[in-house]
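Enquirer: Here is my input, please return the structure:
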Amino acid sequence: MFKQYPRRGRKLSIILIMPTLIALSHPVYSDEPLRSALQLHIDQIQKVKDIQTQSRRAYVIKRQQYDRDKRSLGRAEREDDLLQIEALNISIAVLLRQMRELRDAEDEAIRALLRPEQIAAYDAWLAHRDALFGSSRNPDPASENHR
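Expert: Alright, predicted model coming up:
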């Protein structure tokens, strides 16, 4: 039914395709707009990167727990388990608050590194980021996905 390619052929195609993909790809910096918008100096770039790395590690842990709890909440709602629903809603609210606090702490740590003339640009960048934040499926700013 399906044509089986010899193993050598698959390896050869991978060897030929990989350099092309590598050549066409380029590094993507998620924070490049921040760097250019604020015209960060080299020392500031490294400090911002360090702050974001530390903050995002903690954020990811909270976000993974949030995602697990949201899935569990969906199951509890389908099973109509009121005690579990109440416990998960409390846990989700706590996690949302903790994620917001982590994001705010990151923002303040970055703000502390900036020169006075960069702070206005940073505030504008934050406003733009916050306007983009959230799910496209739930664009309501009052939703739980919005800051």
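
Enquirer: Only the buried residues of the lengthiest helix in the chain, if you could.
Expert: Using DSSP state H to define each element, the chain has its longest helix at helix 42-79. Across helix 42-79, burial judged by 16 or more other CB atoms under 10 Å covers 44-45, 47-48, 51-52, 55, 59, 62, 65-66, 69, 72-73, 76. In this view, the C-beta of every residue, glycine as well, is placed from N, C-alpha and C.

Enquirer: helices or strands up against it?
Expert: Under the contact criterion of 3 or more CB pairs under 8 Å, 6 or more residues apart in numbering; DSSP states H and E, helix 42-79 touches helix 32-38, helix 82-113.

Enquirer: Going by neighbour count, list what's buried in the last one.
Expert: Think helix 82-113. Judged by neighbour count using 16+ other CB under 10 Å, the buried positions of helix 82-113 are 85, 88, 91-92, 95, 98-99, 102-103, 106-107, 109-110, 113.

Enquirer: for the longest helix of the chain, what is the average pLDDT?
Expert: For helix 42-79, the mean per-residue pLDDT is 93.

Enquirer: Check stretch 95-113 too.
Expert: The model assigns stretch 95-113 a mean pLDDT of 94.

Enquirer: how far away is the residue nearest to residue 70 when sequence neighbours are not counted from residue 117?
Expert: For residue 70, ignoring the flanking residues on the chain, the nearest one in space by CB to CB, 6 or more residues apart in numbering is residue 92 at 6.6 Å. Look at residue 92 and residue 117: by CB to CB, to the nearest Å, they are 40 Å apart.

Enquirer: same thing with residue 34?
Expert: From residue 34 to residue 117 the distance is 15 Å (CB to CB).

Enquirer: got it, and residue 97?
Expert: 33 Å.

Enquirer: Likewise for residue 72?
Expert: Separation of residue 72 from residue 117 (CB to CB): 47 Å.

Enquirer: ditto for residue 56
Expert: For residue 56 relative to residue 117 (CB to CB), the value is 27 Å.

Enquirer: cool, residue 100 as well?
Expert: 28 Å.

Enquirer: ditto for residue 94
Expert: Separation of residue 94 from residue 117 (CB to CB): 38 Å.
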